[in-house]
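Undergrad: let's see this in three dimensions:
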Amino acid sequence: MTNQKNISALQPVSGQTLKIGDGFSGLGFRHTQFSGTMDPIIMVDHYTMTTPTFGAHPHAGISAVSVLFEDTVGKFNNRDSLGNDFDIQAGDLYWMNAGSGAIHDEKPREGAKVHGLQMFINLPARLKNESPSSLYVKREDMATLEGEGYRVRVVIGQSNQVATKTSSVWPFTILDGYTDESSSFEHIIPHNFNAWVYAVERAIEYKLEDKWLRLDQGQSITISETDKATLRVRGTSAELSHFALLSGETINESFVQQGPFAMTTQEENNEVAERYHAGELGSLSE
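TA: Numbers count the residues shown, from 1 in each chain. Predicted structure coming up:
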């Protein structure tokens, strides 16, 4: 029997409107909105991008993770100082573990309409100064869980005894799912993991113990303090609702975020910034 003691689900949080230039828009969620219960997630942006927006930029102390939804049109070019230069496409995952520091750039190819999630995942102090690394998982290499009323992609991690062949630098699961009202999808949140649940398109309902609660489109909740909890998700009509579930092992360490850096102290952030301006974080391939 699953032990569901010490479950804490916060009130729904709506995303903050994002708009940068003419080619980037979406909703943003920050760890400061969730009173620490988003750990190890620092931020998530649900976005649509049609033109190059950010240019080359540094990261340190985090993993910068891109998940493209299946309705993405065209290709999304990813380059970084690890020597990668390739296109990711609809349904793919790219996980760049910045560690001690790396340069990154991603932009839609001409005519592309990229729809997905961009997230910063924190690293524990012992990994923040390790060498950077990367992970690329194609859509065709991801398992799909299907049952009455639902279809869920296991993008990374594990669910329902199905695990991806490759794993991320920190224990983490990303599920990209569709469900209607006819049944519900079930996921076990492991001990010492938090979860973030988001209604991407249309409303969803979720259940932790004995009561169904609702998330409208654009809303999210965090689930924390779990001791191996059972989460159920369903749609609210005969039409499929789109949801995302992110769940990672908690780190429970203080950190200081300064833009794309999240080191243990401000002094460490300053040191990374100095190395970046001195060209010590590497460069992008030409």
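Undergrad: wait, doesn't Tyr136 sit right on Asp85?
TA: No. In this structure, Tyr136 sits apart from Asp85 without contact. The criterion is C-beta atoms under 8 Å, and the distance is 11.7 Å. (Glycine included, C-beta is placed from N, CA and C.)
Undergrad: the two: which is more packed in?
TA: For Tyr136 and Asp85, the more surrounded residue by other C-beta atoms under 10 Å is Tyr136, and the numbers stand at 16 against 13.
Undergrad: now that one. Nearest residue, chain neighbours left out?
TA: In space, and not counting its chain neighbours, Tyr136 is closest to Tyr94: 5.4 Å by C-beta to C-beta, 6 or more residues apart in numbering.
Undergrad: note down every partner strand of the host helix or strand of that neighbour and its orientation.
TA: Assignment of secondary structure by DSSP states H and E places Tyr94 within strand 93-97. Using DSSP bridges, the strands paired with strand 93-97 are strand 62-68 (antiparallel), strand 133-137 (antiparallel).
Undergrad: what comes up buried for that strand?
TA: For strand 93-97, the neighbour count (16 or more other C-beta atoms under 10 Å) marks 93-97 as buried.
Undergrad: pLDDT and distance to Val272 added to these, as a markdown table?
TA: Conversion of the buried residues of strand 93-97 to a markdown table gives the following (pLDDT from 0 to 100; distance: C-beta to C-beta, whole Å):
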| residue | pLDDT | distance to Val272 |
| --- | --- | --- |
| Leu93 | 98 | 25 |
| Tyr94 | 97 | 22 |
| Trp95 | 97 | 20 |
| Met96 | 95 | 15 |
| Asn97 | 97 | 15 |
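Undergrad: now Thr236. Nearest residue, chain neighbours left out?
TA: Nearest non-adjacent residue to Thr236 (C-beta to C-beta, 6+ apart): Ala203, at 4.6 Å.
Undergrad: correct me, but that neighbour touches Gly218?
TA: No. Counting by C-beta under 8 Å, Ala203 stays clear of Gly218, with 9.7 Å between them.
Undergrad: more neighbours: which of these two?
TA: Gly218 (19 against 16).
Undergrad: tell me how far the more buried one lies from Met38.
TA: Noted for Gly218: a distance of 17 Å to Met38, by C-beta to C-beta, to the nearest Å.
Undergrad: now Ile189
TA: 14 Å.
Undergrad: who has more neighbours, the two?
TA: Neighbours per residue, other C-beta under 10 Å: of Ile189 and Met38, the larger number sits with Met38, 27 against 24.
Undergrad: my reading is that Val272 lies in a helix. Confirm?
TA: Yes. According to DSSP: H, G, I helix; E, B strand; the rest coil, the state of Val272 is that of a helix.
Undergrad: surely it touches Ala102?
TA: No. The pair Val272 / Ala102 is not scored as a contact, 10.5 Å apart, by C-beta under 8 Å.
Undergrad: which residues are common contacts for those two?
TA: By C-beta atoms under 8 Å, 6 or more residues apart in numbering, Val272 and Ala102 have these common neighbours: 58, 60, 281.
Undergrad: nearest to Ile223 among these?
TA: Ala60 (28.7 Å; C-beta to C-beta).
Undergrad: picking up where we left off before, can you tell me which of the buried residues of strand 93-97 is closest to Phe54?
TA: Met96 (13.6 Å).
Undergrad: go ahead and confirm that closest one touches Ala60.
TA: No. With contact defined as C-beta under 8 Å, Met96 does not reach Ala60; the gap is 11.3 Å.
Undergrad: okay but Ser63 is in contact with Asn97, surely?
TA: Yes. Distance between Ser63 and Asn97: 4.7 Å, which falls inside the contact criterion (C-beta under 8 Å).
Undergrad: which residues do those two both contact?
TA: Residues touching both Ser63 and Asn97 (C-beta under 8 Å, 6+ apart): 123, 168-169.
Undergrad: re earlier: and which of the buried residues of strand 93-97 is nearest Arg214?
TA: For the buried residues of strand 93-97, with Arg214 as the reference and C-beta to C-beta as the criterion, the closest is Leu93, at 28.6 Å.
Undergrad: residue contacts, the closest one?
TA: 65-68, 135-137, 142, 155-156, 174.
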